[in-house]
Structure formats: structure tokens, C-alpha cells
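*Asks:* Can you look at this prediction? I've put the sequence above it.
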Amino acid sequence: MEDFFKYTTKSNEDKNWGLYLNVAGCANILPDATYPPPGHPAEYSFNWENGRILHEFQINYITSGEGIFETKTGKYQVKEGSVIIVFPGMWHRYRPSIGGWKEHYVGFNGSFANHLFENEFFQGKNPVFHIGFNERLLQSFYELFNLVDMEKTGYQQICSGLVIYILSTIISIKKNENFKGKLIEQTIQKACLIIRGNTDKNMNMEKLALDLHIDYSIFRKIFKEYTGISPGQYHLSLRIRQAKDLLINTNLSIKEISYRLGFESIFYFSRVFKSKTGINPTEYKNGPSR
């Protein structure tokens, strides 16, 4: 894609959506070229000596070249495949090395954007993440640029979804770094399949770890890192999901559903169901929407 940038207009409806774009663009910075390129409004342009402070979030994906990014608290090397994330109010400056780089960026704001960055993944506010080349991520930027360029009705809402997808992809890539291509990933995936195949019964997770030839404490720790929840909670969440389906789509009694899913008693099933959903099985089955 050729160099492109555009500053967007926002309606109150766009702002009330919770995440809206301010700017989007890409640029191929040639060796020894002036940086940032001329032509940007004053609030975005900066010189190296003074740096700048933005009042928005920005994501900048560098797909070729290398350079440096600095904040008040640190200096970070930027290389091919790096993502730079700028937070509102953060003093910063960055530039490519003499060899130039290729950048793809989007600036955005909104109440939901603030909520997204409360995620613990961003709490350390590390501004540079190395994720390598990811075609899906790059394609999302290009789709976003096309939408911004055409500026059709509702494009802000579609673009907000793409920004969420871009952030989700970054998080997913970083979270999977510790597992990709390793035997432990296959072990956890096998454990997930076994658990999914046993939603109709109680499971002893220590025995599952033993069957998989892994120490239980290590298994539980790695499983939670991989899925976000413990093996026991993973199993329970699947059973509750299946219980919801049976409550809505069958004529089975609550007692029959409890028995089918291997709960030790209808009272225990009802207690667990309410703790996970906020209502008891009878209320869920007879809810106003059904």
C-alpha cells in the first residue's frame, strides 16, 4: 500500500460508541529522510529535542526497518515486527534509524478504549512489543485504512471493531510466545480435549495430570496461563454451558439435567449454577425471554 494518512471527523454518536478513530495512516520512511514526515497537524508533529505528548492512544506497527522509542522512563529498541503503543499523556519520541522503516498507525480515543487499556496486559505500560510479521494483523490495518479513506456512513463503528481485533491479536501473539511449538502446548491442548469430552462427569484433575505425565502443580499453573482459568474452572464452565443448553432446548427436568451432567445432587447443581450465572436453574429455564 502506498503512503496514506487521514485525520477523521467524529460525530457525538461516534464518540458515544466508546471507541473512535482520530487518525490512521502508513508511511514508508526512506533512508535519511526527515522524520516525522512534513504535513501533519501541530498536535501530531514533533521534533526530536522536544518530543511530544498525545491525548489519545496510538498503535504503530513497524513491518520493516528499525529505530528507537523513548519515554521519560526508558529507551526501547524498535525492530522489524515491533508494535509501539502510545498512551494518552505519555511524553515520547521515536524515529527510524538511518535505514528508514515502514510504519502503520492508528490513533483513537473513547471510554471503551480506556477500559481496554485497563487490561492487566497493558498495566506495565511497556510501550514496545515485538510480535514479528503477522499477515492477519497487517491486513486489518489495510482494511482500516480503506474504510477511513472511503469514509462511508458507519465506518467509525467498523473501524473500532478492527482496532479491538488488532489489540486482541497483539495480546494473543504475546501470550502464546511461551507455548508455541513446545511440547507443553500439545499437553495443554490434549488436556482441553479430554476435559471437553468429559462434561458429563466429575473429573479428578490431579489424575488427569498424572495421566498426561506432568506434575499437577505445574500442570495447573501452565493450564491457567494458557486458558486464563484453572483446569477445574475450565471443566465447570463447560458443564454450566451445557446445562444452559439443556435447560433452554430440552424438556428435561432440572433433576435429569443434574444427573446427566454428573453433579452429585440437584441441590449442589443448583448452587453451582446460581454461583456462576446469578440465577437458579428454574429461573433460567423459565426466564422472560423464553
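*Replies:* Right, received. Where do you want to start?
*Asks:* where does the stretch 101-250 of the chain dip in pLDDT?
*Replies:* Across the stretch 101-250 of the chain, the ranges flagged by pLDDT under 70 are 124-125.
*Asks:* That one: strands as residue ranges?
*Replies:* Taking DSSP state E, counting those that start in this stretch to define them, one finds strands in the stretch 101-250 of the chain at 128-130.
*Asks:* What distance do you get for the spatially most central residue of the chain to residue 188?
*Replies:* By C-alpha atoms, centre = their mean, the chain has its centre lying nearest to residue 168, at 2.1 Å. Relative to residue 188, residue 168 is positioned 20 Å away (C-beta to C-beta, to the nearest Å). C-beta coordinates here come from the backbone N, C-alpha and C atoms, glycine included.
*Asks:* And for residue 57?
*Replies:* Plainly put, residue 57 is 32 Å away from residue 188 if you go by C-beta to C-beta.
*Asks:* mind checking which helix or strand residue 66 is in?
*Replies:* strand 57-71 (DSSP states H and E).
*Asks:* got it, and residue 27?
*Replies:* Per DSSP H and E: residue 27 is located in strand 20-29.
*Asks:* For that strand, name the packing helices and strands.
*Replies:* strand 4-7, strand 91-109, helix 135-150, helix 155-175 (3 or more C-beta pairs under 8 Å, 6 or more residues apart in numbering; DSSP states H and E).
*Asks:* tell me the angle of it relative to strand 91-109?
*Replies:* 130 degrees (axes from the mean of the first three to the mean of the last three C-alpha atoms, to 10 degrees).
*Asks:* Tell me what angle strand 20-29 forms with helix 155-175.
*Replies:* Computed by the same axes, to 10 degrees, the angle between strand 20-29 and helix 155-175 is 60 degrees.
*Asks:* Please enumerate residues in contact with strand 20-29?
*Replies:* 1, 3-8, 10, 14, 35, 37, 44, 56, 65, 96, 100-110, 141, 144-145, 148, 156, 159-160, 163 (C-beta atoms under 8 Å, 6 or more residues apart in numbering).
*Asks:* These, buried ones only, as a ChimeraX selection?
*Replies:* The following ChimeraX line selects those of these that are buried, judged by 16 or more other C-beta atoms under 10 Å:
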select :5,8,14,35,44,56,65,96,100,101,102,103,104,105,106,107,108,109,110,141,144,145,148,156,159,160,163
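*Asks:* on that earlier part again, can I get the CA coordinates of the strand holding residue 27 in CSV?
*Replies:* This file holds the C-alpha atoms of strand 20-29, laid out as CSV (Å, rounded to 0.1, in the frame of the first residue of the first chain):
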residue,chain,number,x,y,z
TYR,A,20,-13.5,6.3,17.8
LEU,A,21,-10.6,7.0,15.4
ASN,A,22,-8.7,10.2,15.2
VAL,A,23,-6.1,9.3,12.7
ALA,A,24,-4.9,6.4,10.6
GLY,A,25,-2.1,6.0,8.1
CYS,A,26,1.0,4.3,6.9
ALA,A,27,4.3,5.5,5.5
ASN,A,28,7.5,4.1,4.0
ILE,A,29,10.2,6.3,5.6
